[in-house]
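Novice: build me a model from this:
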Amino acid sequence: MMLRFCLREVNMSRIFKPISLRTSTNVSTAVRGFLRRSTTIANVSNIPSSTSPVCSYNEWDHLEEVIVGRAEGATVPPLTVAVKGSTAEEKWNFISKYGGRSFPLDHIKKAMVELDEFCSVLRREGVTVRRPDIVDFSMKYTTPDFTSTGYIAMPRDLLLVIGDEIIECPMAWRSRFFEYRAYRSLLKEYFQGGAKWTAAPKPQMIDDLYDEEYIKYSVEERQKLATQGRFVTTEFEPCFDAADFMRAGKDIFAQRSQVTNNMGIEWMRRHLGDKYNIHVLSFREPNPLHIDSTFNIIGPGIVLANPDRPCNQIDMFKKAGWRIVHPPKPMMPDGHPLWISSKWLSMNVLMLDPTRVVVDKNEKSTIAMFEKLGIKTIPVCIPFANSLGGGFHCWTCDVRRRGKLESYL
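Specialist: The predicted model follows:
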């Protein structure tokens, strides 16, 4: 029987030692030193067990259990103003033509095979893999306020694990209103096992939540609007995607994006209380949608920072001694369809622990970057799953990692 671990909060002085950019010591060596200094992590037998099957404080501790999403039933979302505000204009024709209908079936079948192989790789690495229920997202539904079809079961966007709590997030697209149905079986099981289960306030998603004028602006104008705090979603009610939050122990980094508003971030801040610090980051990006292909924390004090989307608060990390790593340009060919996302899924990696990472098999330059950092790469190929809107981090929700609550900032 697999042991389940979740550490109590320990009052410790800062144990992270900054990695100098001038040192010859690679990241792997530094991480091993970090693990040696943390006696509770190094000696697993001393870790107190928890009654909760859910426990994860950051993006890199040893991964024990994960949810991997499904491509079955994936449906092109209707081209609403929220979808327009979150996607590049050259993708609107495809979304407009096929919205409410299945993605190409041959594409879905290939994505299913890829995700099954991804699950097999994770199991071989010792990770317990769970899958959501199969849902037909092409089914039309009507609330008192709108009518829509669904989209997909991609867990990183809906589910946010903070410690022993799993939070259902109030996503901003109408096509994602009922996405939680794919996970209810798992969530009930986790709850019965002792996990905290919270569903954030469900948004009405009436027209007041969206700025109809926003999509009329050019990419350059949108960049200026972003600096002014204006996006396609308004502050009518809280909304946020889990993928707009990046966890690093007591510090959680969020971005105000096209799908996450300030009310949503404030809801999270009040809900989590004084135990966590939520920092709002912003980037030079006209269509911010999810932080994990822009700013991906891969270890204690180590972050992948997208060179095309500079972080406006990067000095905060430099002053704390963090190592800022700029990943190379993606190598995905121009002809490969990416209907929802961008090529920067190349940095949308999944850390299995501080020294192992799942990375795109075809992204040779990114693999070389990790090898230079001293991190073992586990190459997997999911280009057809990429087309549906996500990379390895997007397609997963880490339910349980072996670690404890610490401060790294």
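Novice: which residues touch the residue nearest the centre of the chain?
Specialist: Compute the mean C-alpha point of the chain, and by C-alpha atoms, centre = their mean the closest residue is Ala243, 3.6 Å away. By C-beta atoms under 8 Å, 6 or more residues apart in numbering, Ala243 lies in contact with Arg156, Asp157, His290, Ile291, Asp292, His393, Cys394. Where C-beta positions appear, they are placed from N, C-alpha and C, glycine not excepted.
Novice: look up how far Met316 lies from the residue nearest to Thr143 when sequence neighbours are not counted.
Specialist: Excluding the flanking residues, the one nearest Thr143 by C-beta to C-beta, 6 or more residues apart in numbering is Phe177, at 7.0 Å. Note on Phe177: its distance to Met316, by C-beta to C-beta, to the nearest Å, is 35 Å.
Novice: show me which of these two is the more surrounded one.
Specialist: Phe177 (21 against 14; other C-beta atoms under 10 Å).
Novice: return the residues in contact with the more buried one.
Specialist: Neighbouring residues of Phe177 by C-beta under 8 Å, 6+ apart: Tyr141, Thr143, Ser148, Gly150, Met171, Lys202, Met205.
Novice: mark which of the residues you listed are buried, thanks.
Specialist: Among the contacts of Phe177, those buried by neighbour count (16 or more other C-beta atoms under 10 Å) are Ser148, Gly150, Met171, Met205.
Novice: that older thread, phi and psi next, for the residue nearest to Thr143.
Specialist: Dihedral pair for Phe177: phi -60, psi -40, per degrees, to the nearest 10.
Novice: point out where the stretch 101-250 of the chain drops to low pLDDT.
Specialist: Judged against pLDDT under 70, the stretch 101-250 of the chain has no low-scoring part.
Novice: could I get the full set of helices for it?
Specialist: 105-124, 155-158, 184-192, 219-227 (DSSP state H, counting those that start in this stretch).
Novice: other SSEs contacting the second one?
Specialist: Right, the one you point to is helix 155-158. Applying 3 or more C-beta pairs under 8 Å, 6 or more residues apart in numbering; DSSP states H and E, one finds that helix 155-158 contacts strand 396-402.
Novice: and the contacts of the strand it packs on?
Specialist: For strand 396-402, contacts defined as C-beta under 8 Å, 6+ apart pick out 4-6, 41, 44, 47, 53-69, 128, 130, 155-156, 158-159, 161, 166, 190, 242, 350.
Novice: which among those end up buried?
Specialist: Buried among the contacts of strand 396-402 (16+ other C-beta under 10 Å): 4-6, 41, 47, 53-69, 130, 155-156, 158-159, 161, 166, 190, 242, 350.
Novice: strands - which of those land there?
Specialist: Members of the buried ones among the contacts of strand 396-402 lying in strands (criterion: DSSP state E): His62, Leu63, Glu64, Glu65, Val66, Ile67, Val68, Arg130, Leu159, Val161, Ile166, Leu350.
Novice: what's the most distant pair in those?
Specialist: Maximum pairwise distance among those (C-beta to C-beta): 19.7 Å, between His62 and Leu159.
Novice: what sits against Met369?
Specialist: Residues near Met369 by C-beta under 8 Å, 6+ apart: Val325, Pro327, Pro328.
Novice: so the second one versus Asn306, what's the distance?
Specialist: Here the criterion is C-beta to C-beta. By it, Pro327 lies 7 Å from Asn306.
Novice: which residues are common contacts for the two?
Specialist: By C-beta under 8 Å, 6+ apart, the residues touching both Pro327 and Asn306 are Met347.
Novice: correct me, but Leu73 touches Asp133?
Specialist: Let me fix one detail, which is that residue 73 is Gly and not Leu. No: assessed by C-beta atoms under 8 Å, Gly73 is found out of contact with Asp133, at 9.8 Å.
Novice: okay, the two: which has more neighbours?
Specialist: Neighbour count, other C-beta under 10 Å: between Gly73 and Asp133, Gly73 has more, with 20 against 14.
Novice: helix/strand/coil for the more buried one?
Specialist: The three-state assignment at Gly73 reads coil, by DSSP: H, G, I helix; E, B strand; the rest coil.
Novice: what's near enough to touch it?
Specialist: Shown in contact with Gly73 (C-beta under 8 Å, 6+ apart): Ser102, Ile134, Val135, Asp136, Phe137, Ser138, Gly150, Ile152, Ala153.
Novice: picking up where we left off before, now list the buried members of the contacts of Met369.
Specialist: Buried by 16+ other C-beta under 10 Å: Val325, Pro327, out of the contacts of Met369.
Novice: out of the contacts of Met369, which one sits closest to Phe236?
Specialist: Of all the contacts of Met369, Phe236 sits closest to Pro327, with 35.9 Å by C-beta to C-beta.
Novice: and that closest one, how far is that from Asp308?
Specialist: From Pro327 across to Asp308, the span is 10 Å (C-beta to C-beta).
Novice: identify the residues contacting stretch 219-227?
Specialist: Contacts of stretch 219-227 (C-beta under 8 Å, 6+ apart): Glu89, Tyr214, Tyr217, Phe231, Ser282, Arg284, Glu285, Pro286, Asn287, Pro288.
Novice: can you get me a residue count around the residue nearest to Val81 when sequence neighbours are not counted?
Specialist: Spatially, and ignoring its direct neighbours in sequence, Val81 is nearest to Tyr210 (4.8 Å; C-beta to C-beta, 6+ apart). By other C-beta under 10 Å, the residues close to Tyr210 number 23.
Novice: do the same with the one 10 residues further on
Specialist: By the other C-beta under 10 Å criterion, the neighbourhood of Glu220 contains 9 residues.
Novice: how near is it to Ala226?
Specialist: For Glu220, the distance to Ala226 - C-beta to C-beta - is 11 Å.
Novice: can you pull the contacts of Glu117?
Specialist: Contacts of Glu117 by C-beta under 8 Å, 6+ apart are Val380.
Novice: now it: how far from Lys275?
Specialist: Distance, Glu117 to Lys275, using C-beta to C-beta: 38 Å.
Novice: Thr128 is in contact with Glu64, correct?
Specialist: Yes: taking contacts as C-beta under 8 Å, Glu64 lies within contact range of Thr128: 6.4 Å.
Novice: spatially nearest residue to Lys91 (excluding sequence neighbours)?
Specialist: Trp339 (5.8 Å).
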